[in-house]
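Student: pasting a predicted model and its sequence here:
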Protein chains: 2
Amino acid sequence: MAEDIPTLIDTIARNARQASLDLNGASTQDKNDALQAIARSLESNRKTLLEENKKDLDAAEENGLSDAMIDRLRLTHERIDGMAKGLRQLIDLPDPVGALIEKKNRPNGLEIRKTRVPIGVIGIIYESRPNVTIDCAGLCLKSGNASILRGGKEALHSNRALAAVISDALSSSPISEHAVQLIPTVEREALNHLLTLDEYIHCIIPRGGEGLIRFVAENSRIPVIKHYKGVCNLFVDSSADLEMAEKIAVSSKCGRPGVCNAIENLIVEKSIADSFLPGCAEKLTEHGCELFVDAEAEKILQHLKTQPAGEAEFAEEFLDLRLSIKVVDSIDDAISFVNQFGSGHSESILTADSKRAEQFLKEVDASSVYWNASTRFTDGFEFGLGAEIGISTDRLHARGPMGLEELCTYKFQIIGNGQWK
Amino acid sequence: MAEDIPTLIDTIARNARQASLDLNGASTQDKNDALQAIARSLESNRKTLLEENKKDLDAAEENGLSDAMIDRLRLTHERIDGMAKGLRQLIDLPDPVGALIEKKNRPNGLEIRKTRVPIGVIGIIYESRPNVTIDCAGLCLKSGNASILRGGKEALHSNRALAAVISDALSSSPISEHAVQLIPTVEREALNHLLTLDEYIHCIIPRGGEGLIRFVAENSRIPVIKHYKGVCNLFVDSSADLEMAEKIAVSSKCGRPGVCNAIENLIVEKSIADSFLPGCAEKLTEHGCELFVDAEAEKILQHLKTQPAGEAEFAEEFLDLRLSIKVVDSIDDAISFVNQFGSGHSESILTADSKRAEQFLKEVDASSVYWNASTRFTDGFEFGLGAEIGISTDRLHARGPMGLEELCTYKFQIIGNGQWK
């Protein structure tokens, strides 16, 4: 089979491109009908889906995957219901395609309309959660894009079964069945070849761990929208409401430490470090949080068990109950620290001083910058997008939570009456 | 020197990153003062600029470069005036940074502001026109971006002199002199290394021929915004005003055949080919235009000297007085032809039928789609952007003419009052 992989991938990509051109003529109703058909098809194919998923689960156990990995892989009746519900929520969201973004009338009589249109063909590269297959297929479809899905090897049986369900539903809908296609092999050669097909595929969105994302970013000739990691910082300014500060510090670390919008560094202005840090650090410790502290914080927290923090800790996305603490002399130092160690995801200042808040909001370079709120709100639903395909820490095209509009581009439509020069 | 190149480039990139963070705090006045200082410095350093340019011109002649290449390389008093004038026009344009793009109030009391901000550090890779150095430096500066400029080897003396002028002007301005930096060597190793520095550089814009652009796109780990080529199509529908059609066909090919928004293919609906093509083809021939025709057109144009057109001709960006002619049965065939052979730049339909026009505007996949006007209007100034750094045939981030706003991204600024979950 080895020599056939590039041909197979070429065919998938060419078919996706044709499907994306056909989607430019599809109505909102057509797309919603297709989403509804997929939801129904999921519900009526539960048995097959669970059987195929069982094969992946058995293999995972045999291969000694961690409980957390196996849980991510698992399909249940409840999770199938969840996927169908997600598709029906997409039906209720407004169609982003065709919206007039801007209109200009030029002195020569030309009318220029900047109109939102689908990007075209989107490749999604992901790991072992089979629900990503349905979520991403649905988001791409609603936004008028054809999608090519490449999941992880652990979920191959589940993903093939889900792809069959989608393909079956599309074949009885007004949308081309090539609008959603799964790469049916997990050979690395298939992925490598896919990433070169910039003639047919317009955007790659990798979803998963940092290793996968770096691999895709370094090997793709197609533009990539990525989310590397969330090293989020919380700065407590000397004028902050310290009760609010303690509540936000504890909840934004300990509420759900494994997510990208949880904080990794707590930065405290020196003049309030003595009064704020001991109480806050005790609360964090009570929640089971391990503390890494700089020399200043160490002096204040001698009564607690801490470990020293240096550049490596400040730059780390812990993703669990560990937190670094840094004491700074001024807001300028806090901003420099955030711009040096943050990953451009979410950063927050707690302060009663609006001038300092505006400085932080302006000078901190990140997708989402907060004043007096937790970084945990960086999320497509919290931002009112209705759904989310990911959170971009890139700057081009989309930054922060990406919903249906961010899966679109625009084109100019220019109406004249014979203008030739 | 070879082993020092990566270190040199690293230093330039790190300094640019710091300058871009500093630019986040710069006011519109600061940036305009810097632009004015560069304009004045250009005018007062004419002698050095012309002397250094002479070295490049002498080398170019010695190396047997074409007259057209040498003309592109040449600086004159008039061209120096033109560069200074361009900078002063940028001063008059509105500052894109800080504009509120969208504001939302969420049910939990959070206010979410989507605000326009600079991209950060932009790398411009270009060829032998020294004016690109000033144009791009000015556009990046006005939009709050630090720029790293890498010009072609033919213009190295000129570019070094221009960079010294910029650096001198910035050092007496409120803006860091690292806000604009030239790569002082044209070693390929320097470019290759630059394209890996995604930690410091956020966007690469290549400007030049297709070979340069492909090289950059294939070797860059940093996101690239590119303009490959302009294979633009003009479709004359059966209901078109044929007088308008002839005028637009001739002017959009022969007006300035060497530019990207000139047409390469004329597509004519079969039912009017007999009445339209002979007259139009004669006019084109009178303008010295060579015609490549499909079998249908060949039958109609037997009295003229033509050559056969196939896929290779339809896909070619001629950039001179050559044009391919294709006869189609229907608007559907015209749209398929445009989507197959066009490069996603500019496409036009001439028709009196608004339904067909809307179909073409919707289904043709290109940055700029026209109804009853010439493709030649795809241009930053014609679109009212005031200035242009290029025309993107990509889909992500910017599509079509790119002005100051397209050199920006956005960030979310979120204002709360203690929200923690």
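Tutor: Nice, I can see it. Since the structure is predicted, the reported quantities are computational estimates derived from the model, not experimental observations.

Student: need the three-state assignment for the nearest residue to A:Ser172 once chain neighbours are set aside.
Tutor: Spatial nearest neighbour of A:Ser172, excluding adjacent residues (C-beta to C-beta, 6 or more residues apart in numbering or on different chains): A:Ala37 at 6.3 Å. Any C-beta I mention is one placed from the backbone N, CA and C, and that applies to glycine too. When classified by DSSP: H, G, I helix; E, B strand; the rest coil, A:Ala37 comes out as helix.

Student: tell me who's in contact with A:Ala37.
Tutor: A:169-170, A:172-173 (C-beta atoms under 8 Å, 6 or more residues apart in numbering or on different chains).

Student: by neighbour count, which of those wins?
Tutor: Using other C-beta atoms under 10 Å in any protein chain shown as the neighbour criterion, A:Ala169 leads the contacts of A:Ala37 with 25 neighbours.

Student: what comes up buried for the helix or strand where that one lies?
Tutor: If you go by DSSP states H and E, A:Ala169 is part of helix A:156-171. Residues of helix A:156-171 classed as buried: A:156-170 (neighbour count, 16 or more other C-beta atoms under 10 Å in any protein chain shown).

Student: any idea of the mean pLDDT for it?
Tutor: Mean per-residue pLDDT for helix A:156-171: 97.

Student: same check on stretch A:388-399?
Tutor: 94.

Student: ok, then the element right after the helix holding A:Ala169?
Tutor: Once helix A:156-171 ends, the next helix or strand along the chain (criterion: DSSP H and E) is strand A:180-182.

Student: next SSE downstream of that next one?
Tutor: Downstream of strand A:180-182, the next assigned helix or strand under DSSP H and E is helix A:188-194.

Student: ok, longest helix in chain A?
Tutor: Counting residues, the longest helix found in chain A (DSSP state H) is helix A:5-23.

Student: could you say what helices and strands that helix packs with?
Tutor: strand A:121-125, strand A:146-150, strand A:180-182, helix A:188-194 (3 or more C-beta pairs under 8 Å, 6 or more residues apart in numbering or on different chains; DSSP states H and E).

Student: what's in contact with the helix or strand harbouring A:Glu51?
Tutor: A:Glu51 belongs to helix A:46-62 when elements are defined using DSSP H and E. Helix A:46-62 is contacted from outside by A:42, A:69-70, A:73-77, A:80, A:130, A:154-158, A:160-162, A:164-165, using C-beta under 8 Å, 6+ apart.

Student: and if we set it to 7 Å?
Tutor: Applying C-beta atoms under 7 Å, 6 or more residues apart in numbering or on different chains, the contact partners of helix A:46-62 are A:69-70, A:73-75, A:77, A:80, A:130, A:154-158, A:160-162.

Student: next structured bit after that helix?
Tutor: Next helix or strand after helix A:46-62 toward the C-terminus (DSSP H and E): helix A:67-73.

Student: buried residues in that next one?
Tutor: For helix A:67-73, by 16+ other C-beta under 10 Å, it's A:69-70, A:72-73.

Student: what of stretch A:124-144?
Tutor: In stretch A:124-144, counting by 16+ other C-beta under 10 Å, buried: A:124-144.

Student: residues of the stretch 301-421 of chain A that sit close to chain B?
Tutor: A:339, A:361-363, A:365-374, A:376-377, A:383-384, A:394-397, A:399-400, A:409-421 (C-beta under 7 Å from any C-beta of the partner chain).

Student: the residues you listed in helices, which ones?
Tutor: Among those, the members falling in helices (DSSP H) are A:339, A:361-363.

Student: mind saving the C-alpha coords of the longest helix of chain A as CSV?
Tutor: Backbone C-alpha positions of helix A:5-23 (Å, rounded to 0.1, in the frame of the first residue of the first chain) are rendered in CSV as follows:
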residue,chain,number,x,y,z
ILE,A,5,-0.7,6.7,-0.1
PRO,A,6,0.2,9.9,-1.9
THR,A,7,-2.4,9.1,-4.6
LEU,A,8,-5.0,8.3,-2.0
ILE,A,9,-4.4,11.6,-0.3
ASP,A,10,-4.3,13.6,-3.6
THR,A,11,-7.7,12.2,-4.4
ILE,A,12,-9.2,13.1,-1.0
ALA,A,13,-7.8,16.6,-1.3
ARG,A,14,-9.0,17.1,-4.9
ASN,A,15,-12.5,15.9,-3.9
ALA,A,16,-12.5,18.2,-0.9
ARG,A,17,-11.6,21.1,-3.1
GLN,A,18,-14.5,20.4,-5.5
ALA,A,19,-16.9,19.9,-2.5
SER,A,20,-15.8,23.3,-1.2
LEU,A,21,-16.5,25.0,-4.5
ASP,A,22,-20.0,23.3,-4.5
LEU,A,23,-20.5,24.5,-0.9
